[in-house]
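**Q** everything below, folded, please.
(chains A and B)
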Amino acid sequence: MRHIRIKRIEEKIFKGLMMAATLLIVVSLFMIIVAIVKRGLPAMSWDMVSKIPSGGFYLGKEGGLLNAIVGSLYIVIGSISLGLAFSLPIVLYLNLYLPEKSRLAQFTRLSFDVLFGIPSIVYGAFGFTLMVYLGLRSSLFAGILTVTMLIIPILIRSIDEVMRRVPKEMKDAALSLGATRSEMIKPILRQVAPGIVTAVLLSVGRGIGDAASVLFTAGYTDSIPTSLSQPVATLPLAIFFQLSSPIAEVQDRAYAAALILTFIVLVLSVAARFYSRKFSKNKI
Amino acid sequence: MIQNLLRVEKYVDSPTEKLKVMREAQNQADGDLILKAHKPHISVRNLNVYLAKNHILKNVSLDIPDKAITCIIGPSGCGKTTLLKTFNRLLQNSLDVKIDGDVLVDGENIHGKDVEVENIRKKMGLLSQRPCPLPMSIFDNIAYGPRIHGIRRKKTLKIMVEKYLQEAGLWDEVKDRLKSPATSLSIGQQQRLCLARGLAVKPEIILGDEATSALDPISSKKIEELFVKLRDQYSIVLVTHTLRQARRIADYVIFMYLGEVVEAGPAAEFFSNPKEKLTKEYLDGYFS
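**A** So this is what the prediction gives:
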């Protein structure tokens, strides 16, 4: 009897610890959002999302953040497209073409694990070196390239994880119908479509919110770029620059920018979840 | 078909093989009617398979008769599934596999140099232990095979889907919801769907790897009945470790133990008059 009672108490303690941990994290996330809303909302106005900065914006005068909003979207759309164009073939090659336990596959996975952990400022510095070497100036193109390097490990490792979980029976089923490996890709992509959506979301979150990688490479400008070779503003940098201003009003605008950033990520997540459910209705 | 038979003849023409075949014919029981009536569809000669240094199949030689149900029985881990997977060359997908010896389908060595592996696999429909539908609708599951083999016309595909669903006894249950996901079917229906999907690429052989072991008794019976119905058109090879199933439907039985073929013969004779002591013990239930 006593033994069982001790077990019960143990169970309660562990349950309590888990609840406490969950609560702590949820509450602190909530507090961040509260802080952003509290300081950002008063500074929010229609101008903020519909106008580009006019002269003296950074001293608290007229204008908005449209340049940074559009810039961030350009960067993230460009780098997700470019990133997927590289990571999907890599993941398919690792999973469908290389034999199980192949040395090359193991080595590739290890490399991406390492790349995953490299801080974004290093990617920024690397991108900058590359730009200098190629004779590029800070531009939308350079920004997209650097953010792509930053998110490729995330895309690859998270798509790879779901693709490895595709049941072997499914591959065998397709193969035994006489499918070649490339004909197998279609059903497998359907199976992992929700996983790809998750991977893209993770990368959007990382790519759109990262300041260090675009600091040297994308530059900053008050206008909206019209070509890939022009510099581009981004929301994280807008936050960074305005936060370092001594003027309280400008600091509040940094919070407004953070609010916009959070909102964009939220909208993208909800939309992606909605569509991924549509895609995955046939999933095994 | 005639071409295939000619290939068998050609194969047997080589003097050493002729000797071997003759010797085997002598060794086989006189009442070996099945193999006389049904030419071998798959012939395995001195097959050795190693998986990561484990000797899984040891010098296996056997014949699978054409247009009959062959059951491969034996305790777990005796290499039944491995043998089945060598037939359609699915085994080669993993590293550390070494295959030695000949597997002849219609007299053609499937490990030959200019053999297209897709053609070999297309000849054989595979039913796995648990049904594994593709992540698509019911219709697309059946149409997947024909599509990859070049049939694009919607009308043709529709006709084929209906034909093979009917052949697998599933049409009446799904005809109103061909667009719903295959996973919305019960597991027994899924297995029949997989059978229909396999039939849709017009195979000659059906391979079943414990195809009924995950199913409830009623679904399992339906699948068995389908096998019996289909045996006039296809050579059916079933791996099973339910002896009773083999007794019910087998025309020809192969008993394997620890990677070796212990005994093979027509079902009636195999069950009533086993020659090997090990077979007798297995049939009597001393081990399973």
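
**Q** might you enumerate the residues of the stretch 151-288 of chain B proximal to chain A?
**A** B:181, B:182, B:183, B:194, B:197, B:198, B:201, B:207 (CB under 8 Å from any CB of the partner chain). The way it works is simple: take the backbone N, C-alpha and C, and place the C-beta from them, glycine included.

**Q** show me which of those residues are buried.
**A** B:181, B:182, B:194, B:197, B:198, B:201, B:207 (16 or more other CB atoms under 10 Å in any protein chain shown).

**Q** which element, helix or strand, includes residue A:39?
**A** Here residue A:39, judged by DSSP states H and E, is contained in helix A:2-43.

**Q** now the helices for chain A?
**A** A:2-43, A:46-50, A:66-92, A:103-117, A:120-134, A:140-164, A:168-176, A:181-209, A:212-215, A:235-243, A:248-279 (DSSP state H).

**Q** and among those, the most buried is which?
**A** helix A:212-215 (a mean of 26; mean count of other CB atoms under 10 Å in any protein chain shown).

**Q** avg pLDDT for that helix?
**A** In this model, helix A:212-215 has a mean pLDDT of 90.

**Q** and it, what does it pack onto?
**A** helix A:120-134, helix A:140-164, helix A:235-243 (3 or more CB pairs under 8 Å, 6 or more residues apart in numbering or on different chains; DSSP states H and E).

**Q** nearest to chain B among the ones you listed would be which one?
**A** Of all the helices and strands packed on helix A:212-215, it is helix A:140-164 that lies closest to chain B, at 12.5 Å by CB to the nearest CB.

**Q** and the closest one, what does it pack onto?
**A** Using 3+ CB pairs under 8 Å, 6+ apart: helix A:140-164 touches helix A:66-92, helix A:103-117, helix A:120-134, helix A:181-209, helix A:212-215.

**Q** which one, of the ones you listed, ends up nearest to residue A:283?
**A** helix A:181-209 (5.9 Å; CB to CB).

**Q** touching chain B at all, that closest one?
**A** Yes - with CB under 8 Å from any CB as the threshold, helix A:181-209 lies in contact with chain B, specifically through A:183, A:187, A:190, A:191.

**Q** rewinding a little: mind putting the helices and strands packed on helix A:140-164 in TSV, distance to residue A:19 included?
**A** Compiled in TSV, the helices and strands packed on helix A:140-164 are given as follows (distance: least, CB to CB, whole Å):
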stretch	distance to residue A:19
helix A:66-92	36
helix A:103-117	30
helix A:120-134	34
helix A:181-209	26
helix A:212-215	35
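
**Q** count of neighbours near residue B:117?
**A** Per other CB atoms under 10 Å in any protein chain shown, the neighbour tally for residue B:117 reads 16.

**Q** show me the chain divided up by domain.
**A** This is for chain A. Chain A is divided into the following domains under automatic domain parsing: A:2-43, A:57-282.

**Q** that's the wrong chain, I wanted chain B
**A** B:2-123+B:203-283, B:133-202.

**Q** so of these, which one's packed in deepest?
**A** Most buried among the domains of chain B, counting by mean count of other CB under 10 Å: domain B:133-202, with a mean of 19.

**Q** any idea of the mean pLDDT for that one?
**A** Rounded mean pLDDT across domain B:133-202 is 93.

**Q** can you get me the start-to-end distance on it?
**A** Domain B:133-202 has an end-to-end distance of 18 Å (CA to CA, to the nearest Å).

**Q** chain center to that domain: distance?
**A** 20 Å (CA atoms, centre = their mean, to the nearest Å).

**Q** what of stretch B:234-241?
**A** Distance, centroid of stretch B:234-241 to centroid of chain: 5 Å (CA atoms, centre = their mean).

**Q** enumerate the residues of the stretch 51-200 of chain A near chain B.
**A** A:99-102, A:167, A:169-180, A:183, A:187, A:190-191.

**Q** my read is that residue B:56 contacts residue B:77, right?
**A** No - at 9.2 Å, residue B:56 does not count as touching residue B:77 under the criterion of CB atoms under 8 Å.

**Q** now do the helix holding residue A:39 against helix A:248-279, angle only.
**A** With axes from the mean of the first three to the mean of the last three CA atoms, to 10 degrees defining the directions, helix A:2-43 sits at 120 degrees from helix A:248-279.

**Q** what's helix A:2-43 packed up against?
**A** helix A:248-279.

**Q** so what does the helix it packs on touch, helix or strand wise?
**A** Checked by 3+ CB pairs under 8 Å, 6+ apart, helix A:248-279 has helix A:2-43, helix A:46-50, helix A:66-92, helix A:181-209, helix A:235-243 packed alongside it.

**Q** turn these into TSV, including mean pLDDT.
**A** Formatted as TSV, the helices and strands packed on helix A:248-279 follow (pLDDT from 0 to 100):
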stretch	mean pLDDT
helix A:2-43	93
helix A:46-50	86
helix A:66-92	95
helix A:181-209	91
helix A:235-243	92
